[in-house]
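Enquirer: Only the shape, not the letters, is given here:
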């Protein structure tokens, strides 16, 4: 597909292809002493015939590198195929221009672009910001977002077209600024600087897998989900621009191990032939000859999924047995663990289905739970899980309604006043009584449904910390009777209004 080549990348062109003439080989440039910080890069690239000098034996390391020179050297460095390239038809780059094929190949690959007036500017010097963007694209460096990287530069901002690319180079140690807090985006790049940055990019690019969306059977990639707690690899989605490039998935290995990856995307074009697509993979990272190598394995597997079972304060689970609703007992002593950041315990479910779990508490009390595990609608590794604790009667103080708020008016919560049941035929759903002179309610379930109760006095609450919180007023409570797998549960939640100033 023909790609549009005019971009607002401005004078994005490349690094330091050095001009014309002399072949390099073992040549030593009279103006590049080995003490210069860029000397090693210059001579290493010259030895590979990537760059050359001038007929007089000089390299002129302080001269600006031009956009045409840059295109030429990038094409060589990345081993681009210069045969049968499509002419980008820049006004100032004829087919007889010595840089034409390199410019055309890079433009076709969406690495460089021209000016809005249709020119390319092959003799214009490259600026530091432009070079950063070109290096990132030409070498397909990991496209971490602007805010993933600590920014030391006062003149580098997200909305500047080269901002993210500059920080990517900085993060990889390819280049720094012209001072500790300035990058000097619009300063010209010299030939010596370009050689050093170019060589540093080659050396610093991490091992990774980079895939176009079509490589994974998609026309576009919308999202990724992976196990962040394992950190075996880092996924990055690079969104292409319509008419210029497609989406790309970058996977950077971090350490040996196997993890999972969920991908969501689409095929086709809206509206008629647009279709959502979801895929899942195992990601294997292994060390081969001292380097981390990453491979993908597409799969239809599902992994054991944690089902949280509600446990109240003071309860301690001693044993859990699990059976199917039809009576099969697959596990009399199921493994469980405390769920993170809650009192609940988590039970691993290996297969989809309907289950009854029986938890024996310390002291002999038995509690039953209904569990539903279903295959997810999208290609996820874990089942969709629902759980319900059997509770046909429920005794609670209304202060328990505020357990999940960071703050509530305790005095107001003690003085809710009289209550009023506003749901018609509430007595068909549950029997609700209140201990005289208290805020203690007793509820006995009759059938599935919801009963709303109003308080005379409202209670103010806050969730979150001051300055970054949601506040509201609780005006009553909603008592809900649910059923799952034949088990009944009663729960009570606030009825509230969010404050309008939030």
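Expert: All right, it came through fine. Since we're looking at a predicted model, the values are computed, not measured.

Enquirer: Run a quick check on residue 136 versus residue 165, I expect a contact.
Expert: Yes: the pair residue 136 / residue 165 is scored as a contact, 4.3 Å apart, by CB atoms under 8 Å. In short, each C-beta sits where N, CA and C put it, glycine included.

Enquirer: what stretches of this structure score poorly on pLDDT?
Expert: 1-27, 243-244, 501-502 (pLDDT under 70).

Enquirer: Helices of that one, start to end?
Expert: Secondary structure of the chain (DSSP state H): helices at 39-47, 67-77, 100-108, 128-138, 163-171, 191-204, 410-414, 426-429.

Enquirer: For residue 36, give its distance to residue 247.
Expert: 42 Å (CB to CB, to the nearest Å).

Enquirer: out of these two, which sits in the more crowded spot?
Expert: Between residue 36 and residue 247, counted using other CB atoms under 10 Å, the more crowded position is residue 247 (20 against 15).

Enquirer: So which residues of the stretch 401-502 of the chain form strands?
Expert: Assigned by DSSP state E, counting those that start in this stretch, the stretch 401-502 of the chain shows strands spanning 407-408, 419-421, 430-434, 440-445, 449-465, 468-484, 487-498.

Enquirer: count of neighbours near residue 86?
Expert: 12.

Enquirer: how long is stretch 106-120 from one end to the other?
Expert: Length of stretch 106-120, first residue to last, CA to CA, to the nearest Å: 12 Å.

Enquirer: Would you mark the buried spots in it?
Expert: For stretch 106-120, the neighbour count (16 or more other CB atoms under 10 Å) marks 106, 107, 108, 109, 110, 111, 112, 113, 114, 115, 120 as buried.

Enquirer: what's the neighbour count on residue 414?
Expert: So residue 414, with other CB under 10 Å, has 14 neighbours.

Enquirer: Now for the closest residue to it other than its chain neighbours: which residues touch it?
Expert: In this structure, residue 414 finds its nearest non-sequential neighbour in residue 439, 7.0 Å apart by CB to CB, 6 or more residues apart in numbering. If you count contacts by CB atoms under 8 Å, 6 or more residues apart in numbering, residue 439 has them with 397, 398, 399, 413, 414, 416.

Enquirer: Now, of those, which are buried?
Expert: 398, 413, 416.

Enquirer: closest to residue 236 among those?
Expert: residue 413 (47.8 Å; CB to CB).

Enquirer: Look up how far residue 472 lies from the closest one.
Expert: Taken as CB to CB, the span from residue 413 to residue 472 is 14 Å.

Enquirer: Repeat that for residue 222.
Expert: 34 Å.

Enquirer: Would you mind telling me which of these two has more residues around it?
Expert: Taking other CB under 10 Å, residue 222 and residue 472 do not tie; residue 472 has more neighbours (20 against 15).

Enquirer: Quick check: the gap between the more buried one and residue 499.
Expert: Taking CB to CB, one finds residue 472 at 6 Å from residue 499.

Enquirer: One more: residue 91?
Expert: From residue 91 to residue 499 the distance is 61 Å (CB to CB).

Enquirer: again, but for residue 360
Expert: 45 Å.

Enquirer: what's around residue 273, how many residues?
Expert: 9.

Enquirer: How about residue 137?
Expert: For residue 137, using other CB under 10 Å, the count is 22.

Enquirer: residues touching it, list them.
Expert: 110, 111.

Enquirer: Next: residue 258.
Expert: 232, 282, 283, 284, 285.

Enquirer: Pretty sure the fourth one sits against residue 261.
Expert: Just to be clear, that refers to residue 284. No: using CB under 8 Å, residue 284 is not in contact with residue 261, being 10.7 Å away.

Enquirer: what is in contact with the two at once?
Expert: Joint contacts of residue 284 and residue 261 (CB under 8 Å, 6+ apart) are residue 296.

Enquirer: Looking at these two, which is more packed in?
Expert: Between residue 284 and residue 261, counting by other CB under 10 Å, residue 261 is the more crowded of the two (22 against 17).

Enquirer: Can you name the residues bridging to that one?
Expert: On the basis of DSSP bridges, residue 261 takes part in beta bridges with residue 226, residue 281.

Enquirer: check contacts around it.
Expert: Residues near residue 261 by CB under 8 Å, 6+ apart: 224, 225, 226, 235, 251, 280, 281, 282, 283, 296.
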